[in-house]
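*Asks:* compute the structure for the input listed below.
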Amino acid sequence: QVQLQESGPGLVKPSQTLSLTCTVSGGSMTTSYSRWSWIRQPPGKGLEWMGAITNDYSTYYSPSLKSRTSISRVLTKNQFSLQLSSVTPEDTAVYYCARGLLSGSLYAFDSWGQGTQVTVSS
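*Replies:* Have a look, this model is predicted:
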């Protein structure tokens, strides 16, 4: 059973860069046809997919966040990270990491972290 755990600061100042790490246990990030995503949920709003990194290190980003988002993997650890630059209070949200596996022609999320609250405020 794959488990994911988000970690990082819970408070970020406006204009700074938000940095989060997701630690994967019970499974490998090299699993074929896997995508490792960051997803967020602002207060009172729905889930927003931010981007993903695949088992072969390809990256995909939401068009609306692409200019501010970077997702990478830590080569020596079973971890991947999120960096979101130039944050504003509108980036306040619960941030989740999740694993997607190819099912037919689509990727389905089968494992999620518990989520971590990030507040952008001075």
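
*Asks:* who are the packing partners of the longest strand anywhere in the chain?
*Replies:* Longest strand in the chain, counting residues (DSSP state E): strand 93-103. Contact analysis of strand 93-103 by 3 or more Cβ pairs under 8 Å, 6 or more residues apart in numbering; DSSP states H and E lists strand 3-7, strand 18-25, strand 34-41, strand 79-84, strand 106-112, strand 116-120 as its packing neighbours. Every C-beta, even on glycine, is put in place using the N, C-alpha and C of the backbone.

*Asks:* and the residue positioned nearest the centre of the chain, what is it in contact with?
*Replies:* Nearest to the mean C-alpha position of the chain, by Cα atoms, centre = their mean, lies W38 at 2.0 Å. Counting by Cβ atoms under 8 Å, 6 or more residues apart in numbering, W38 touches 20, 22, 49-52, 69, 71, 82, 95-97.

*Asks:* circling back to that earlier point, mean pLDDT lowest where, among the helices and strands packed on strand 93-103?
*Replies:* Lowest mean pLDDT within the helices and strands packed on strand 93-103: strand 106-112, a mean of 92.

*Asks:* who does it touch, helix- and strand-wise?
*Replies:* Counting by 3+ Cβ pairs under 8 Å, 6+ apart, strand 106-112 packs on strand 3-7, strand 93-103.

*Asks:* only the C-alpha atoms, please, for stretch 47-60, written as CSV.
*Replies:* C-alpha atoms of stretch 47-60 as CSV (Å, rounded to 0.1, in the frame of the first residue of the first chain):
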residue,chain,number,x,y,z
LEU,A,47,-9.9,20.6,-6.0
GLU,A,48,-7.4,22.1,-8.5
TRP,A,49,-4.8,20.0,-10.2
MET,A,50,-1.5,21.9,-10.3
GLY,A,51,0.9,19.5,-12.1
ALA,A,52,2.7,16.2,-12.1
ILE,A,53,5.9,14.4,-12.6
THR,A,54,6.0,10.9,-14.1
ASN,A,55,8.1,7.8,-13.4
ASP,A,56,10.4,8.8,-16.2
TYR,A,57,10.8,12.4,-15.0
SER,A,58,8.5,14.1,-17.5
THR,A,59,6.5,17.1,-16.1
TYR,A,60,3.1,18.4,-16.8
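
*Asks:* perfect, I'm done here.
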